[in-house]
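In: heads up, no residue letters with this:
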């Protein structure tokens, strides 16, 4: 399954090659690959590659968010995964819009920069996913100050924008349908709620 980000957060077209996400079966989880332009802006985070880095969203980063809004469980559980071209990563568990209750979990992630492009590959363990994932959104951020750019696979429609509205990647109403079986196969069943989500499922 491949997705390309071709719009900014507010539904304008991007003016560069799109950030591409590829999802496929992995060993004990979902394999997530990223093919993206490398902007080198902002500078790299001051943290070791492969390790969690707090507030990674303030740097050059791509993000994947996997949401369960299935009413048979507690609604609005979602997994957020942030990946940086310099190799840092950040995993967050959220229950309710922007309400993180667990973060900086370990993650198998490697990134390689080649000229003005970068490639990253991560393995997202099934234990990190809340049960019954059925929505997704994908994002990319780069630049600094007034030149900061926020991009979204499923953006806020122009008709919904309020005067002065800023980018917000946690507007869950704009996430779109997503089916893990389309990646893993029709007979595949998502593992039950892991202990990491105890009390939230």
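Out: Done, it's in. Model, not experiment: these values are computed from the prediction.
In: tell me the centre residue of the protein?
Out: Most central in the chain under CA atoms, centre = their mean is residue 64, positioned 1.2 Å from the mean C-alpha point.
In: which SS class is the residue of the chain most remote from its centre?
Out: Farthest-out residue of the chain from its mean C-alpha position, per CA atoms, centre = their mean: residue 163, at 26.6 Å. The assignment at residue 163 comes out as coil when based on DSSP: H, G, I helix; E, B strand; the rest coil.
In: for the helix or strand of the chain with the lowest mean pLDDT, packing partners?
Out: Among the helical and strand segments of the chain, the one scoring lowest on mean pLDDT, DSSP states H and E is strand 100-103, with a mean of 85. Using 3 or more CB pairs under 8 Å, 6 or more residues apart in numbering; DSSP states H and E as the contact criterion, the neighbours of strand 100-103 among helices and strands are strand 89-95. The C-beta positions use only the backbone N, C-alpha and C, and glycine is treated the same way.
In: repeat that with 10 Å
Out: Packed against strand 100-103, as judged by 3 or more CB pairs under 10 Å, 6 or more residues apart in numbering; DSSP states H and E, are the following elements: strand 77-83, strand 89-95.
In: any idea how far the residue lying closest to residue 56 once chain neighbours are set aside lies from residue 109?
Out: In space, and not counting its chain neighbours, residue 56 is closest to residue 90: 4.1 Å by CB to CB, 6 or more residues apart in numbering. Separation of residue 90 from residue 109 (CB to CB, to the nearest Å) stands at 10 Å.
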